[in-house]
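J.: pasted the sequence and its predicted model underneath.
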Protein chains: 2
Amino acid sequence: MSQVTSAQERISRRAVDKFAQRREQLAGSALQALAELGYARTSLREIAQKSDFSHGVLHYYFADKVELLTYSVRKFEDVCVTRYDDVVAEATSAEELKQGFGAAMAATLRADAAMHRLWYDLRNQSLFEESFRTDVLDIDGQRQAMVWRVIQRYAEFTGQPPRVTPEVAYAAFDGLFQQALLQRLAGRDGAADRLAADVADLLPRLA
Amino acid sequence: MSQVTSAQERISRRAVDKFAQRREQLAGSALQALAELGYARTSLREIAQKSDFSHGVLHYYFADKVELLTYSVRKFEDVCVTRYDDVVAEATSAEELKQGFGAAMAATLRADAAMHRLWYDLRNQSLFEESFRTDVLDIDGQRQAMVWRVIQRYAEFTGQPPRVTPEVAYAAFDGLFQQALLQRLAGRDGAADRLAADVADLLPRLA
DNA sequence: TCAGCATCTGGACAGTCGTCAAGATTACCT
DNA sequence: AGGTAATCTTGACGACTGTCCAGATGCTGA
């Protein structure tokens, strides 16, 4: 508690930039450690080791572990809630959108598997712990909106209104992705290809 | 290692029943602790406290923590892979099956939320750790088969063949359930009712 | 150049973890 | 009933955890 106020005093006392910048940087190291080890095995010393600093500095920039992690989760949000907007913007037909959506999901499955499992790990943590819950629900809502933009665009192309709610659409595609992630990390070949096909197959059925 | 062999010697030397029975009992306490605290915060002492024994006894019946947890996961399997078979057996029409399936999912969401979040926690752990992966994939496969039995029965009633693969069907319904679990544990009212409706709505679209 | 403040290091702390083993307790067999 | 093996308790160990702090280091402005 006293650490919190003193940290905030430092912020107001001096140039905010440097302080906030280092917080950002340390949060990045935290996400790196979390993605690699998972929530259960990530310690402050591990996080510090991913950064260029010693473990003590974390308590200079963050009041405690919870504040560091919640800050990291919020930072994490930025990278994962606009992923398919390019596909939506660039598609010129329903068919193109369908294929592009599937391909984009498959691509991020291939490239960012560690980060995705981190997301699911954090979301699951929020089922046990109150601390992240608000942020998790917020991010989840934004991800749902992201998927819904795809559905809506698809509906525009076909001229038919969507036949599911945003909630159901998101849940279905997210379930698909999660399943593919499990398959991929288990070393089963072709998980990404299958995901692309399944997504392209499911989209017309929901929109 | 030496603990493993000596444990197995004990098994063969004496009545297997008692030994296996206690393992079962301790695994039950482990599941209880895991469901309450989550994987990240479950210690052997916590597990022992849920049982009637002291923490030392766990190493008498299990070589180490990993063996206890994998054993618990396998035990866990039994309760969660036949949940909807009654609904399938008792339904006499597509409509009845549809409603029954949704109602059954909503019911277990209401009654067994802690156990379900444990399952997702363990499945997620397997994304980071090899130890449970085989068992998790096995359980997931059985859950998929369970859902597929519902789909097949529905297809029998309607006379139309399913329009999705077992993988896609399972992923979609599982995503729906997971989303409802998050909503419910976040305290949002009506999550179970909405799940029942969404499931009943999605089933005809996939089968 | 030097004082003063921001930043960072490294170690110490109390607590918890998984693991182990010596000894107490219990149950079973002759 | 007595002795032997199975079962359980208790306390200890080294390693690791989050947290805190005294002091080293670096930077800035006079």
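T.: Nice, I can see it.

J.: ok now stretch A:93-103, how far from the chain's centre?
T.: Computed by CA atoms, centre = their mean, to the nearest Å, the separation of stretch A:93-103 from the middle of its chain amounts to 22 Å.

J.: now it: mean pLDDT?
T.: Mean per-residue pLDDT for stretch A:93-103: 97.

J.: show me the shaky parts of chain A.
T.: Chain A contains residues with pLDDT under 70 at A:1-16.

J.: again, only using 80
T.: Within chain A, the stretches with pLDDT under 80 are A:1-17, A:79.

J.: let's verify A:T92: helix, strand, or coil?
T.: Three-state assignment for A:T92 (DSSP: H, G, I helix; E, B strand; the rest coil): coil.

J.: the helix or strand containing A:S29 and DNA strand D, any residue contact?
T.: Counting by DSSP states H and E, the element that carries A:S29 is helix A:16-37. No. Counting by CB under 7 Å from any atom of the strand, DNA strand D is not contacted by helix A:16-37; separation bottoms out at 8.9 Å. For glycine as for every other residue, the C-beta is placed from the backbone atoms N, C-alpha and C.

J.: which helices and strands sit right next to that helix?
T.: Judged by 3 or more CB pairs under 8 Å, 6 or more residues apart in numbering or on different chains; DSSP states H and E, the packing partners of helix A:16-37 are helix A:2-13, helix A:44-50, helix A:58-61, helix A:65-79, helix A:113-125.

J.: quick one: contacts for the residue nearest to the spatial centre of chain A?
T.: Centroid check for chain A by CA atoms, centre = their mean gives A:C80 as the closest residue, at 4.1 Å. By CB atoms under 8 Å, 6 or more residues apart in numbering or on different chains, A:C80 lies in contact with A:115, A:119, A:139, A:143.

J.: residues touching the nearest residue to the last one once chain neighbours are set aside, list them.
T.: Excluding its sequence neighbours, the residue lying closest to A:R143 (CB to CB, 6 or more residues apart in numbering or on different chains) is A:V81, at 5.7 Å. Taking CB under 8 Å, 6+ apart as the criterion, A:V81 is in contact with A:139, A:142-143, A:145-146.

J.: go again with 6 Å.
T.: A:V81 makes contact with A:142-143, A:146 under the criterion CB atoms under 6 Å, 6 or more residues apart in numbering or on different chains.

J.: for A:S126, same thing?
T.: Per CB under 6 Å, 6+ apart, neighbours of A:S126: A:132-133, A:136.

J.: quick one: the closest residue to A:W119 other than its chain neighbours from DNA strand D, how far?
T.: Nearest-residue entry for A:W119: A:C80, 6.3 Å, with adjacent residues in sequence omitted and distances by CB to CB, 6+ apart. Per CB to the nearest atom of the strand, to the nearest Å, A:C80 is found 24 Å from DNA strand D.

J.: now the top helix by length along chain A: buried residues?
T.: In terms of residue count, the longest helix belonging to chain A (DSSP state H) is helix A:133-158. By 16 or more other CB atoms under 10 Å in any protein chain shown, the buried positions in helix A:133-158 come out as A:133, A:135-137, A:139-140, A:143-144, A:146-155, A:157-158.

J.: which strands and helices sit next to that helix?
T.: Secondary structure elements in contact with helix A:133-158, counted by 3 or more CB pairs under 6 Å, 6 or more residues apart in numbering or on different chains; DSSP states H and E, are helix A:65-79, helix A:85-90, helix A:94-111, helix A:166-185.

J.: orientation of it relative to helix B:166-185 in degrees?
T.: If you take axes from the mean of the first three to the mean of the last three CA atoms, to 10 degrees, helix A:133-158 sits at 140 degrees to helix B:166-185.

J.: for helix A:133-158, what is the distance to the chain centroid?
T.: Helix A:133-158 sits 13 Å away from the centroid of its parent chain (CA atoms, centre = their mean).

J.: likewise for stretch A:64-77?
T.: The answer for stretch A:64-77 is 13 Å, by CA atoms, centre = their mean.

J.: is DNA strand D contacted by that stretch?
T.: Yes. If you take CB under 7 Å from any atom of the strand as the test, stretch A:64-77 does meet DNA strand D, through A:64-66.

J.: around the closest residue in space to A:T165 that isn't next to it in sequence, how many other residues sit close by?
T.: Distances taken as CB to CB, 6+ apart put B:D198 closest to A:T165, at 7.4 Å, once the chain neighbours are dropped. B:D198: 24 surrounding residues under other CB atoms under 10 Å in any protein chain shown.

J.: check A:S72 too.
T.: With other CB under 10 Å as criterion, A:S72 counts 27.
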